[in-house]
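Peer 1: here is the input, now give the coordinates:
(one chain, ligands or ions: 1)
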Amino acid sequence: MRFTKMHGCGNDYVVVEALTGELAERFARAPIESAGDLAKATCDRRFGVGADGFVLILPETRPDSDAGVEMRMYNPDGSYSAMCGNALRCVAKRLADSGDLAGEVVVVRTADTLVPMRIVSRDADGKATVVEADLGAPEFAPEAIPCRLPAGPEGDLRAASIEDEGGARTATILSMGNPHCVLFVDEPPSDGLVASVGPPIETHAAFPERTNVEFVQVLSPTRLRQRTWERGAGETLACGSGACAVAVAAALTGRTERSVTIELLGGELDLCWREADGHVVMTGPAVEVFAGDWPR
Ligand SMILES: N[C@@H](CCC[C@H](N)C(=O)O)C(=O)O
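Peer 2: So this is what the prediction gives:
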C-alpha cells in the first residue's frame, strides 16, 4: 500500500489514495470500521509510520453526489471521525499534486458533508501549498453534537456548565461535523492544563461519542491562541475542525470578530465564519513530508 505522509500545521496524517484498483475494491464499499485496525497500526509512532490520523481517499460511491471523492479519516485509536479539517486540506493538495484535480477547485465528501476546497497558492514546481476549505455551518443543537447537557436560553450550548475533578467550567459546545468543547482561558494554555483537563472532558458522560477539547486564549478581537486535546488522538499540534469551532465559539460569545487568525502549536490558520451563509471557511497550509510503502 503506497502512502504519503502529510501534515497541516503539524497535524500529521498517513494518506492513502485508493481511487482505483485493489485498495478501492477493498474499502470503497466496505463498512467504515473496516479500516480501523490499519489506522491503529500505521499511526503508531513506535511500531508504525506515526501520525495523528489515517486517511483514505476513495472514489465517490453515492450516485447523486457532487463530490469528486470521499475522504475517510481515522484517529490513532482506530475510531472514525466524520470531519477532519487539516486532513481535508491535505487531500486537496494530494489530488492537485497527483493531477487528479481538473481545476483549482475540488469537492470532497466526508460522511454526509460536502466540502468545497480551492487551491490558494502553489510553489515554483506547481505543487499546492495553501488550501481554502468550506467546512459548512456549525451545529448547535445538543442532540446533533451530540451532548447531553441542556441547551441554554438561546437554544444552544454557548455557555454550558461542565464539571470535572477541578470543578465546574464554562464551555461553548458545538459540532463542526464532529464534537468540540471549547474552553476559554485567561493565560496561555499550559501543558498541565491540557493534559489534566483534556482526557476527563473527552470521555465525560455528557458526550456519548466523546469530544475534542479546545483550550483558547483570546489575544485580540482578530487573534487567538489554541491548544487541542483530540478525541482518539491526545494532544496534537493543530486541529482544523477545532479551529473552526473556536472561531465560531469566540464570535458567538462576543469575544472576537467573525474573521480571525488562530495560533496553534504547529502553525497558523485563518478562519472566517461567513455572515452570508453561516459557513466556516478555513485557510491554511498543506505539506507533503515523504512517501512510502506499508508494509515495507
Ligand atoms: N485534527 C482533525 C480532527 C481529527 C478528528 C478528531 N480527533 C475527532 O475524532 O473528531 C482536524 O484537523 O479537524
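Peer 1: what does the helix or strand where Leu193 lies contact?
Peer 2: Using DSSP states H and E, Leu193 sits within helix 191-202. For helix 191-202, contacts defined as Cβ atoms under 8 Å, 6 or more residues apart in numbering pick out 162, 164-166, 169, 171, 181, 183, 185, 207, 210-213, 215, 227, 229, 231, 234-235. In this view, the C-beta of every residue, glycine as well, is placed from N, C-alpha and C.
Peer 1: could you pick out which of these are near the ligand?
Peer 2: By Cβ under 6 Å from any ligand atom, the members of these lying near the ligand are 212, 231.
Peer 1: quick revisit: right, is the helix holding Leu193 up against the ligand?
Peer 2: No: Helix 191-202 lies out of reach of the ligand by Cβ under 6 Å from any ligand atom, never closer than 9.3 Å.
Peer 1: contacting residues for the residue lying closest to Leu264 once chain neighbours are set aside?
Peer 2: Spatial nearest neighbour of Leu264, excluding adjacent residues (Cβ to Cβ, 6 or more residues apart in numbering): Ala238 at 3.9 Å. Residues in contact with Ala238 (Cβ under 8 Å, 6+ apart) are 8-11, 86, 228, 264-267, 269.
Peer 1: now these as a markdown table including secondary structure?
Peer 2: Shown next, in a markdown table, are the contacts of Ala238 (DSSP: H, G, I helix; E, B strand; the rest coil):
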| residue | secondary structure |
| --- | --- |
| Gly8 | strand |
| Cys9 | coil |
| Gly10 | coil |
| Asn11 | strand |
| Asn86 | helix |
| Thr228 | strand |
| Leu264 | strand |
| Leu265 | coil |
| Gly266 | coil |
| Gly267 | strand |
| Leu269 | strand |
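Peer 1: who wins on neighbours among those?
Peer 2: Taking other Cβ atoms under 10 Å as the neighbour criterion, Asn86 ranks highest of those with 37 neighbours.
Peer 1: okay if I get the contacts of Ala238 as CSV plus distance to Ala111 and pLDDT?
Peer 2: Output for the contacts of Ala238, formatted as CSV (distance: Cβ to Cβ, whole Å; pLDDT from 0 to 100):
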residue, distance to Ala111, pLDDT
Gly8, 19, 98
Cys9, 23, 98
Gly10, 25, 98
Asn11, 19, 98
Asn86, 16, 98
Thr228, 20, 98
Leu264, 24, 98
Leu265, 27, 98
Gly266, 25, 98
Gly267, 26, 98
Leu269, 22, 98
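Peer 1: quick one: which of those is nearest to the ligand?
Peer 2: Asn86 (3.4 Å; Cβ to the nearest ligand atom).
Peer 1: my guess is the closest one meets Gly8, correct?
Peer 2: Yes: counting by Cβ atoms under 8 Å, Asn86 sits close enough to Gly8 to count as a contact (3.3 Å).
Peer 1: list residues touching both of the two?
Peer 2: Common neighbours of Asn86 and Gly8 are listed as 238, 240, 284, 286 (criterion: Cβ under 8 Å, 6+ apart).
Peer 1: out of the residues you listed, which are inside strands?
Peer 2: Those of the shared contacts of Asn86 and Gly8 mapping onto strands are Gly284, per DSSP state E.
Peer 1: so which of the shared contacts of Asn86 and Gly8 reach the ligand?
Peer 2: Among the shared contacts of Asn86 and Gly8, the ones lying near the ligand by Cβ under 6 Å from any ligand atom are Gly240.
Peer 1: quick one: which of the shared contacts of Asn86 and Gly8 is nearest the ligand?
Peer 2: Set against the ligand, the nearest of the shared contacts of Asn86 and Gly8 by Cβ to the nearest ligand atom is Gly240 (3.2 Å).
Peer 1: quick check: the closest one touching Gly8?
Peer 2: Yes: with contact defined as Cβ under 8 Å, Gly240 counts as touching Gly8 (6.2 Å).
Peer 1: identify the contacts common to those two.
Peer 2: Residues touching both Gly240 and Gly8 (Cβ under 8 Å, 6+ apart): 85-87, 89, 284.
Peer 1: what residues does this structure put near the ligand?
Peer 2: Going by Cβ under 6 Å from any ligand atom, the residues of the chain near the ligand are 11, 53, 75, 81, 84-86, 178, 212, 230-233, 236, 239-242.
Peer 1: please pick the buried ones from those residues.
Peer 2: Neighbour-count burial (16 or more other Cβ atoms under 10 Å) applied to these gives 11, 53, 75, 81, 84-86, 178, 212, 230-233, 236, 239-242.
Peer 1: among those residues, which are in strands?
Peer 2: Per DSSP E, those map to strands at 11, 53, 81, 212, 230, 236.
Peer 1: report the residue ranges of every domain in this structure.
Peer 2: Domains of the chain are assigned by automatic domain parsing as 2-133+284-293, 142-278.
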